[in-house]
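Enquirer: for reference, the sequence and a predicted model appear below.
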Amino acid sequence: DTEVTQTPKHLVMGMTNKKSLKCEQHMGHRAMYWYKQKAKKPPELMFVYSYEKLSINESVPSRFSPECPNSSLLNLHLHALQPEDSALYLCASSLSGTGAWTEAFFGQGTRLTVV
Amino acid sequence: AQKVTQAQTEISVVEKEDVTLDCVYETRDTTYYLFWYKQPPSGELVFLIRRNSFDEQNEISGRYSWNFQKSTSSFNFTITASQVVDSAVYFCALSEGGDRSGGSNYKLTFGKGTLLTVNP
């Protein structure tokens, strides 16, 4: 099973709403990632969790708040977003880092629209 | 700093044609890893191949083949006898060796992607 599952697949939210994106994997991977992808652009790294601890925060605004409740789950809490935050949000996981050990496996993403 | 360049923004071919997607990379590390991912319209990034910097063997998997040349810092991807289902955006990506405990090897640097359209 090489599946990363993301919910919801689509989300429309107002600028004052609070919502959460969820990501789940059962491959025993210890690194999990959030990427943001705007239309016709490559994915941009937002956060990395390694062994359930935040390892990398790519200077992401605080209106995005990641959480890793356990080794299989990764959440992204959203609050007071702006319309320019509308994008495809991709979750990924890898055994450890993306290198000698393994590649990253990606979910199908959540298409977020902020109105 | 690492960089990946995919000079071809869009390619359009007719079914059964062969097509090569170019990827040129820059890195100062001697240990690094190269990847190709496919992104169909559904959005999911599908892993295709990983290659480390010490293994310059070319690889073939069905209709897909990859040509890794360190001398030119290139990692090109060829689809033989293309099919409509191959239509997607293809990303080349680079990960440096880095610190196993949580450094740069967690970062994938993506090229800008090549949109491949295969017409029937």
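Expert: Received it, and whenever you're ready, just let me know what you need.
Enquirer: partner residues bridging the most centrally placed residue in chain A?
Expert: For chain A, A:Trp34 is the residue whose C-alpha lies nearest the centre (Cα atoms, centre = their mean; 2.8 Å). A:Trp34 forms beta bridges with A:Phe47, A:Cys91, as assigned by DSSP bridges.
Enquirer: that one against A:Leu90, yeah?
Expert: Yes. Here A:Trp34 reaches A:Leu90: they are 7.4 Å apart, a contact under Cβ atoms under 8 Å. C-beta coordinates here come from the backbone N, C-alpha and C atoms, glycine included.
Enquirer: can you give me the helices for chain A?
Expert: With DSSP state H as the definition, chain A shows no helices.
Enquirer: and the worst-scoring helix or strand of chain B on mean pLDDT, what does it pack onto?
Expert: Within chain B, confidence by mean pLDDT, DSSP states H and E is lowest for strand B:59-61 among all helices and strands, at a mean of 89. Here strand B:59-61 touches strand B:46-52, strand B:64-69, going by 3 or more Cβ pairs under 8 Å, 6 or more residues apart in numbering or on different chains; DSSP states H and E.
Enquirer: now mean neighbour count, distance to chain A and mean pLDDT too, for these, in CSV please.
Expert: Converted to CSV, the helices and strands packed on strand B:59-61 look like this (neighbours: other Cβ atoms under 10 Å in any protein chain shown; distance: least, Cβ to the nearest Cβ, whole Å; pLDDT from 0 to 100):
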stretch, mean neighbour count, distance to chain A, mean pLDDT
strand B:46-52, 17, 5, 92
strand B:64-69, 17, 14, 95
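Enquirer: if you skip the residues just before and after it, what's nearest to B:Glu59?
Expert: Spatial nearest neighbour of B:Glu59, chain neighbours left out: B:Trp66 (5.0 Å); criterion: Cβ to Cβ, 6 or more residues apart in numbering or on different chains.
Enquirer: what sits against the one you found?
Expert: The contact partners of B:Trp66, by Cβ atoms under 8 Å, 6 or more residues apart in numbering or on different chains, come to B:36, B:49, B:51, B:58-60, B:75-78.
Enquirer: now do 7 Å
Expert: B:Trp66 makes contact with B:49, B:51, B:58-59, B:75, B:77, according to Cβ atoms under 7 Å, 6 or more residues apart in numbering or on different chains.
Enquirer: any idea how far it is from B:Leu48?
Expert: B:Trp66 sits 8 Å away from B:Leu48, going by Cβ to Cβ, to the nearest Å.
Enquirer: measure stretch A:37-46 end to end?
Expert: Criterion Cα to Cα, to the nearest Å; first-to-last residue distance in stretch A:37-46 is 10 Å.
Enquirer: show me what counts as buried in that stretch.
Expert: A:37, A:42-43, A:45-46 (16 or more other Cβ atoms under 10 Å in any protein chain shown).
Enquirer: with those residues in mind, which one is nearest to A:Leu78?
Expert: Closest approach to A:Leu78 among these (Cβ to Cβ): A:Met46, at 11.7 Å.
Enquirer: once you drop chain neighbours, what's closest to the closest one?
Expert: Leaving aside its chain neighbours, A:Met46 sits nearest to A:Trp34 (4.4 Å; criterion: Cβ to Cβ, 6+ apart).
Enquirer: can you check A:His29 too?
Expert: Nearest to A:His29 is A:Ser93, by Cβ to Cβ, 6+ apart, at 3.9 Å.
Enquirer: was I right about that neighbour contacting A:Phe105?
Expert: Yes. Under the criterion of Cβ atoms under 7 Å, A:Ser93 makes contact with A:Phe105 at 5.7 Å.
Enquirer: no more questions from me, cheers.
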